[in-house]
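Enquirer: Next come a sequence and a model predicted from it.
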Amino acid sequence: VTYKATKKELLSAPESQLDRLPKLSAKLEVGEPVKIVLYGDSVCCGCDCSGMYGQKPGQPTWAELLFHQMEEKWQSPVCFHNTSVGGVDSEWAIENSSQRAANFHPDLVILGFGMNDRCGMEEYRNKTGRLIEAIRKVSPKTEFLLIASTLPNELAATDPGKLLKRIMDEVFRNYLPHCILVLVCIVVSALANVQASLFLQTLMDDYIVPMTRQQNPSFAPLAGALVRVGCIYVVGILAAWLNARIMVNVTQGTLRNLRTKLFTHMESLPIRYFDTHPHGDIMSVYTNDVDTLRQMLSQSIPQLVSSVITIVSVFFSMCMLSWQLTIVTMLMVALMLFCSKQIAKSSSKYFIQQQRDLGKVNGYIEEMMEGQKVVKVFTHEQQTLAGFRALNDQLKESAKQANAFSNIMMPVNAQLGNISYAICALTGAAMAVGGVGGMTLGTVVAFLSLNKGFNMPISQVSMQANSVIMALAGAERIFKMMDEPSETD
C-alpha cells in the first residue's frame, strides 16, 4: 500500500477482551510464558504491507506489529510463530493443520483464512469449524482467535463448463471443418485398434490352435490373416498421424487468433487498467496462460475424445466376448474413477492458484527490472529481495501442492489397471480350463487385450484432466482480460 496522507486519523484503540480467552488470560496474570501461532493466508504473511516491498510509508507486516504489541502490553515471555502461507484456502489449512499449528501445542492460535475460499458463508463456517477441531485433536488446550480478513466469495468460482464452451467456440469459429475431419480420424483409429484386438480370438481359435494339432500345418492361411490384421493397424496409424497433424495447425491457429484478440482489446483499455495491473502479470497472460491452452487443444481434448470412443467400443466388444469378465473389469474401473476424482478434486484448486502466483511473480520481476535504478539509489535491494522471496514461496507452495497430487494419478491408475488385468487373466484361464460359458483360449487372449485397451484410456483421461484443469485456469485469466470494458470516447 503506497499513499500520502494530509492529516493523521486518530483512532481509538480496541478494548481488551482477554476474559474471553480464560486459559491464556490465566497464564498472563502470573507471568507464565505463552506460545502463540499465527496461521493464515497472504494477509498474515504481510503481502499487503508497504514495508515488505521497500515502499513508503514502510508499514511493517501485520504479524510484526502484532508481536511487538504483545511484547509491549504483556509481562509474560511470548513465543510467536507465524506459519502463514499466501494464496491458500481453508481446505489447505485443514490438511496442514498438524504441521503448521497443532504440533506447536500453542496456547493461542490466530486464524486468518477466507479470502481464497470460493464458497458461501455457511460452507466457510463449516470449514473453519473443521479446522479448529483438527487442531484440537492434537492440542486440546489451545484457544482460538478468528480475525476478519477478506471474506469468502462464492461468486468468484468460475463455471468450468462455460470456460470450456468458450474455448471451443474460439476453435470452431475458424476450424470447424478441420475438427470434423479430426473426429473422423479419431473414430477410425479407435475402431481399428478394437478390431485388431477382436481379431486375436479368430487368430487363436481358427488358425493357431488347429495348426498345433496338424502334423504338417500350412502357414499360408495364417500369413494371410496376419496381413489383414497388419492392414488394420496401418489404417489406424495413418488416421492417428493425420489427426495429430491437423490438430497442430488448429491449435497454433487458435492461439494466434487469441493473442491477436487480446492485443487488439488491450489497445482499447483505459489507462486505469494498466495502472492497477502489473505489466508482468499482463505479459504472463500472453505467454504462460495462452501456452496452457496449447497442450489442451493439441493433445488433451483429442485424447479425451479418442478415449471416450475407445471405451465405448471396447465395452461392447468385451460384453460380446464374456459378460462375466466384463463385470470384473467394470468393478476395477469404478475404483479407478473414484481414485481419479478424489485426486483431481485435490489438485484443481492448486493449479488455479499456481497460474495466479506465476502472474504475480512475473509482474513483480518486471516492475523491479523497470525500477532497478530507483532500487539502487535508495539501497532497497534487501527489501526488494524479501518481497520476491515471499511471492516466490507462494508460487513454490501452490506448484508443489498441484503437482504432488497430479503426479500420483497416473501411477495409481496404472497399478489398478495391472491388478484388473491379472484378475481377468486368472478368472478367464480358470473358465477356459473348466469349459465355463464357452470360454476358449482365443477368447481369453482377445479379452485381455481389450482389458488393457480399456484401462489405458481411463488412465490417460485421468492424466489429461490435469492439463485441462491448468488450461481452464489460464483461460479464466485470458477471458477476464478480454472482458475488461474498453475505454469510451
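Expert: Sure, I can see it. Numbering: from 1, shown residues only.

Enquirer: Helix, strand, or coil at residue 85?
Expert: Assigned state for residue 85: coil (three-state reduction, DSSP: H, G, I helix; E, B strand; the rest coil).

Enquirer: Sticking with the nearest residue to it once chain neighbours are set aside, tell me its helix or strand.
Expert: Ranked by C-beta to C-beta, 6 or more residues apart in numbering and with sequence neighbours excluded, the top spatial neighbour of residue 85 is residue 397, at 5.4 Å. Every C-beta, even on glycine, is put in place using the N, C-alpha and C of the backbone. Here residue 397 is covered by helix 381-406, with elements defined by DSSP states H and E.

Enquirer: Buried residues, that helix. List them.
Expert: 383-384, 387, 390-392, 394-395, 397-399, 401-402, 405-406 (16 or more other C-beta atoms under 10 Å).

Enquirer: Also stretch 333-344?
Expert: Across stretch 333-344, burial judged by 16+ other C-beta under 10 Å covers 333, 336, 339, 340, 343, 344.

Enquirer: CA-only coordinates of it in PDB, if you can.
Expert: Written as PDB, here are the backbone C-alpha positions of stretch 333-344 (Å, rounded to 0.1, in the frame of the first residue of the first chain):
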ATOM      1  CA  VAL A 333     -12.800 -49.300 -13.400                       C
ATOM      2  CA  ALA A 334     -15.200 -47.900 -10.800                       C
ATOM      3  CA  LEU A 335     -12.400 -47.900  -8.300                       C
ATOM      4  CA  MET A 336     -10.100 -46.200 -10.800                       C
ATOM      5  CA  LEU A 337     -12.600 -43.400 -11.400                       C
ATOM      6  CA  PHE A 338     -13.200 -42.900  -7.700                       C
ATOM      7  CA  CYS A 339      -9.400 -42.500  -7.100                       C
ATOM      8  CA  SER A 340      -9.100 -40.100 -10.100                       C
ATOM      9  CA  LYS A 341     -11.900 -38.000  -8.900                       C
ATOM     10  CA  GLN A 342     -10.500 -37.600  -5.400                       C
ATOM     11  CA  ILE A 343      -7.000 -36.700  -6.700                       C
ATOM     12  CA  ALA A 344      -8.300 -34.300  -9.300                       C
END
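
Enquirer: give the contact list for the residue nearest to residue 85.
Expert: Residues in contact with residue 397 (C-beta atoms under 8 Å, 6 or more residues apart in numbering) are 85, 86, 87, 88.

Enquirer: how about low-confidence regions in the stretch 351-489 of the chain?
Expert: By pLDDT under 70, the low-scoring segments of the stretch 351-489 of the chain are 405-406, 459, 462-463, 465-466, 489.

Enquirer: what ranges do the helices span in it?
Expert: For the stretch 351-489 of the chain, applying DSSP state H, counting those that start in this stretch gives helices covering 372-377, 381-406, 409-434, 441-482.

Enquirer: among these, which is the most enclosed?
Expert: When the helices of the stretch 351-489 of the chain are scored by mean count of other C-beta atoms under 10 Å, the highest mean neighbour count falls to helix 441-482 (a mean of 21).

Enquirer: other SSEs contacting that helix?
Expert: With contacts defined as 3 or more C-beta pairs under 8 Å, 6 or more residues apart in numbering; DSSP states H and E, the secondary structure elements packing on helix 441-482 are helix 160-202, helix 220-267, helix 290-295, helix 301-321, helix 323-370, helix 409-434.

Enquirer: Of all these, which one is nearest residue 106?
Expert: Comparing these against residue 106 with C-beta to C-beta, the closest turns out to be helix 323-370 (26.7 Å).

Enquirer: residues of stretch 171-184 that come out buried?
Expert: Neighbour-count burial for stretch 171-184 flags 171, 175, 178, 179, 182 (criterion: 16+ other C-beta under 10 Å).

Enquirer: now those residues in TSV, with pLDDT and distance to residue 457?
Expert: As requested, the buried residues of stretch 171-184 are exported to TSV (pLDDT from 0 to 100; distance: C-beta to C-beta, whole Å):
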residue	pLDDT	distance to residue 457
171	89	22
175	90	25
178	91	23
179	90	20
182	90	17
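
Enquirer: is it possible to export these to CSV including distance to residue 250?
Expert: CSV is the format used below for those (distance: C-beta to C-beta, whole Å):
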residue, distance to residue 250
171, 7
175, 5
178, 5
179, 7
182, 7
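
Enquirer: Tell me the one of those residues nearest residue 60?
Expert: Closest approach to residue 60 among these (C-beta to C-beta): residue 171, at 50.0 Å.

Enquirer: surely the closest one meets residue 250?
Expert: Yes: under the criterion of C-beta atoms under 8 Å, residue 171 lies in contact with residue 250, with a separation of 6.5 Å.

Enquirer: Can you work out which residues contact both of those two?
Expert: Between them, residue 171 and residue 250 share the neighbouring residues 179, 297, with contact defined by C-beta under 8 Å, 6+ apart.

Enquirer: Cool, thanks, talk later.
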